[in-house]
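# Test case, fold it:
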Amino acid sequence: MACRISELILDCTDPEQLAAFWSEVLGYVELDREEDGSIAIGPPDTGFGGPQPILLLSLSSNPRPARLRLHIDVSATDRDQDAELERLLALGAKPADVGQTGTESWHVLADPEGNEFCLLHTRIQPL
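Numbering: from 1, shown residues only. Below you'll find the model as predicted:
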């Protein structure tokens with residue numbers, strides 16, 4: 001293996017809000033705060049360099065000029081898709097329309113700043 005994804009960076013106007021949202025979605029904890037206001041979150045036991053990438057919520061005054069070219073897919077680990085969808089909506093996710101037909105097995109959602117992500121149908125094992 002040559003490389004492995006170690007972190008994903010998401011530009012945002014409110015790192016505090018998105019760090020709280022994504023920490024709840026992924027079961028992550030705050031790992032670090034940068035002087036520029038950015039917040040790093042990641043798995044509670046391993047942090048940076050572990051088997052899962054960390055997420056860096058990077059403060060930006062212009063975070064989203066166009067549709068994202070990269071998005072996050074999530075899969076439930078301890079409940080079915082419907083129960084996880086209900087949980088994500090309660091956390092502040094909103095349904096998003098990116099042109100889906102309605103026959104997809106996944107749900108397209110947006111986080112509190114409008115960044116699209118998908119909730120997949122397949123449940124996976126927790127790490």
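# Going by C-alpha atoms from here, please, whenever you check contacts or count neighbours.
OK.
# What distance do you get for residue 9 to residue 55?
Relative to residue 55, residue 9 is positioned 6 Å away (Cα to Cα, to the nearest Å).
# neighbour count winner among these two?
A direct count of neighbours by other Cα atoms under 10 Å for residue 9 and residue 55 places residue 55 higher, at 23 against 12.
# So what sits opposite that one in the bridge?
Beta-bridge partners recorded for residue 55 (DSSP bridges): residue 8, residue 41.
# That one: what's it in contact with?
Residue 55 is in contact with 7-10, 40-42, counting by Cα atoms under 8 Å, 6 or more residues apart in numbering.
# could you redo those residues as CSV and give each row pLDDT?
Shown next, in CSV, are these (pLDDT from 0 to 100):
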residue, pLDDT
7, 90
8, 92
9, 88
10, 90
40, 96
41, 97
42, 96
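# ok, those residues vs residue 107, which is closest?
Within those, proximity to residue 107 (Cα to Cα) peaks at residue 10, which comes in at 20.3 Å.
# Count the residues that sit near residue 104.
Residue 104 has 10 nearby residues by other Cα under 10 Å.
# Just flag the most distant two among the contacts of residue 55.
Across the contacts of residue 55 (Cα to Cα), the longest gap, 13.4 Å, separates 10 and 42.
# With neighbour numbers in mind, choose between the two.
residue 42 (26 against 20).
# I'd say the more buried one and residue 54 touch.
Yes. Taking contacts as Cα atoms under 8 Å, residue 42 lies within contact range of residue 54: 4.4 Å.
# shared neighbours, these two?
Overlap between the contact sets of residue 42 and residue 54, as judged by Cα under 8 Å, 6+ apart, is given by residue 48.
# Next, the contact list for the residue nearest to residue 80 when sequence neighbours are not counted, please.
Closest residue in space to residue 80, ignoring its immediate chain neighbours: residue 123 at 6.8 Å, by Cα to Cα, 6 or more residues apart in numbering. Residues counted as contacts of residue 123 (Cα under 8 Å, 6+ apart) are 75-81.
# middle-most residue in the protein, spatially?
The centre of the chain sits closest to residue 22, judged by Cα atoms, centre = their mean, with a distance of 5.1 Å.
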